[in-house]
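J.: model the structure of this input:
(2 chains)
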Protein chains: 2
Amino acid sequence: MDKLIELIQNHRSIRKFEEKLLSDEQIQTIVKSAQAASTSSYVQAYSIIGVKDKQKKEKLAGLAGGQDYVANNGHFFVFCADLYRHQLIAENYEQDSKEILQSTEKFMVAVIDATLAAQNAVLAAEAMGLGAVYIGGLRNQLADVCELLKTPNYVLPLFGVAVGYPAQSPDKKQRLPLQHVYHEDEYTQDKTAYYEQLKEYDKEIAAYYEKRTNGKRSDTWTGQMAGLLSRPTRMYMKDFVEGKGFNKK
Amino acid sequence: MDKLIELIQNHRSIRKFEEKLLSDEQIQTIVKSAQAASTSSYVQAYSIIGVKDKQKKEKLAGLAGGQDYVANNGHFFVFCADLYRHQLIAENYEQDSKEILQSTEKFMVAVIDATLAAQNAVLAAEAMGLGAVYIGGLRNQLADVCELLKTPNYVLPLFGVAVGYPAQSPDKKQRLPLQHVYHEDEYTQDKTAYYEQLKEYDKEIAAYYEKRTNGKRSDTWTGQMAGLLSRPTRMYMKDFVEGKGFNKK
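T.: Prediction:
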């Protein structure tokens, strides 16, 4: 199974696809693979919405900030945290489970469940020779996304996954040094060592961008992160998530 | 790559392991596989703590509610949402990024990033012939877990993953019908159809438990879910998560 390790470690996000749609069989294989992931206490607290309608895909692309691969791909999946069916079950058993459904714990369970399923879906797609990219931009304007996809309360779209036949072959993006991310027995908090590691890592990343853009882009990882941490983004999320019934108690 | 699809779709949680530790090389392969997962805007907002110390493992097993496979396995990983290094970067760039770091949006980003990494780790382990199980029970008493693993603010342990050489071969647990989880173009909200599907599914699950326990256990999926939704669990989570610096704004 070295092939699988290789496939996992060679992952790249694909942002340009051939004009060829996935077959229903391919879609089913991907969804079944998603469903095979572990699920907390068997709750299966997620749903997947596959978007085929071209107009809807274009609207989603606009809502995601004009990423055209949201519209142009083999298939577009939206992964949602979902406690809707659990609410129906509580109703059916004549139970008041509101406090539990609305807890931060159950919110985390649903987000984790949906994400485990999504990563299985992405790897299954890659194993089929397809490419994929996660679309966090779906959270830019979630109210419009919910309206477009007609999601009820207790359903929260988290991100999209565009899948298709790759029409590009991007370089791999170097991850943080392993010892920076992996700790043994306890969490290391040596700031000096951290900053040293980040300095080295920044050099690597700068070289990557310089090579990729023929010297046009000069950037580091910490520079990117500092930029990200200077722009408040999606600050409406707390209220929105609570409005959908999650993360309130 | 049918083998890989098969591996993904044949997943079972393994809760009994041989007494044989993973090698450092195996651990590295698993961590590198985790790191290869997609990450939102390249933030890499997670850390992994590998627990080797036998006493610590036993304490964790106790905290997780006495699950002995938390102590007895080939290696125990703890996956954490982590914005600690991002806070250091903000500090280093002399930026006040508190509002952003503490947003629900960034909390979701960190939980999603950590979970994508974890699922890669689990599949890499399975590809190496190992077995794995997620340990959500780590969230039973998170304050003690954080103390034991010495995690600072902006680090939140989410779940454990016990990995090792399988010493059992459990049956596969049937997932919800595909059409229940997968919607096309918009979310279906036909309650009658939902209840019908759940009734059918309950029959399947009841047959599974009856077969597995020689008729001793009679249970359905909706029955399990109703039970779960009648017991408030980890209701301290909202305050705890906020206390760690996440999900506040």
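
J.: quick one, domains of chain A?
T.: Using automatic domain parsing, the domains assigned to chain A come out as A:2-170, A:178-218.

J.: just the ones you listed: most buried one?
T.: domain A:2-170 (a mean of 21; mean count of other C-beta atoms under 10 Å in any protein chain shown). The C-beta positions use only the backbone N, C-alpha and C, and glycine is treated the same way.

J.: ok, longest helix in chain A?
T.: Longest helix in chain A by number of residues (criterion: DSSP state H): helix A:104-127.

J.: that one to helix B:104-127, inter-axis angle?
T.: Using axes from the mean of the first three to the mean of the last three C-alpha atoms, to 10 degrees, the direction of helix A:104-127 lies 50 degrees away from that of helix B:104-127.

J.: need the CA coordinates for helix A:104-127. CSV is fine.
T.: This file holds the C-alpha atoms of helix A:104-127, laid out as CSV (Å, rounded to 0.1, in the frame of the first residue of the first chain):
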residue,chain,number,x,y,z
THR,A,104,-20.9,23.7,21.3
GLU,A,105,-20.0,20.0,21.9
LYS,A,106,-22.6,18.9,19.3
PHE,A,107,-21.5,21.7,16.9
MET,A,108,-17.9,20.4,17.1
VAL,A,109,-19.1,16.8,16.6
ALA,A,110,-21.0,17.8,13.4
VAL,A,111,-18.1,19.9,12.1
ILE,A,112,-15.6,17.0,12.7
ASP,A,113,-17.9,14.4,11.2
ALA,A,114,-18.5,16.4,8.1
THR,A,115,-14.7,17.1,7.7
LEU,A,116,-13.7,13.4,8.1
ALA,A,117,-16.2,12.5,5.4
ALA,A,118,-14.9,15.3,3.1
GLN,A,119,-11.3,14.1,3.4
ASN,A,120,-12.3,10.6,2.5
ALA,A,121,-14.2,12.0,-0.5
VAL,A,122,-11.1,14.0,-1.7
LEU,A,123,-8.8,11.0,-1.4
ALA,A,124,-11.3,8.7,-3.1
ALA,A,125,-11.5,11.3,-6.0
GLU,A,126,-7.7,11.5,-6.2
ALA,A,127,-7.5,7.7,-6.2
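
J.: I'd say A:E19 and A:A71 touch.
T.: No: using C-beta atoms under 8 Å, A:E19 is not in contact with A:A71; the gap is 11.4 Å.

J.: ok, back up a step: the domains of chain A: which one's closest to B:S47?
T.: Nearest to B:S47 among the domains of chain A is domain A:178-218; the distance by C-beta to C-beta comes to 5.6 Å.

J.: now do the closest one: distance to the chain's middle.
T.: On the basis of C-alpha atoms, centre = their mean, to the nearest Å, domain A:178-218 sits 23 Å off its chain's mean C-alpha point.

J.: distance from the helix or strand hosting A:A90 to the middle of the chain?
T.: According to DSSP states H and E, A:A90 maps onto helix A:84-92. On the basis of C-alpha atoms, centre = their mean, helix A:84-92 sits 26 Å off its chain's mean C-alpha point.

J.: and the helix or strand just after that helix, what does it pack onto?
T.: Next helix or strand after helix A:84-92 toward the C-terminus (DSSP H and E): helix A:98-101. In this structure, helix A:98-101 packs against helix A:84-92, with contacts taken as 3 or more C-beta pairs under 8 Å, 6 or more residues apart in numbering or on different chains; DSSP states H and E.

J.: roughly how far does the residue sitting furthest away from the middle of chain A sit from chain B?
T.: Ranked by distance from the centre of chain A (C-alpha atoms, centre = their mean), the top residue is A:E94, with 34.9 Å. To chain B, A:E94 is 10 Å away according to C-beta to the nearest C-beta, to the nearest Å.

J.: what about A:V181? Give its phi and psi, please.
T.: phi -100, psi -30 (degrees, to the nearest 10).

J.: right, and it touches B:A45 too?
T.: No: using C-beta under 8 Å, A:V181 makes no contact with B:A45, being 10.4 Å away.

J.: now the angle from the strand of greatest length in chain A to helix A:104-127?
T.: Determined from DSSP state E, the single longest strand within chain A is strand A:155-164. With the same axes, to 10 degrees defining the directions, strand A:155-164 sits at 10 degrees from helix A:104-127.
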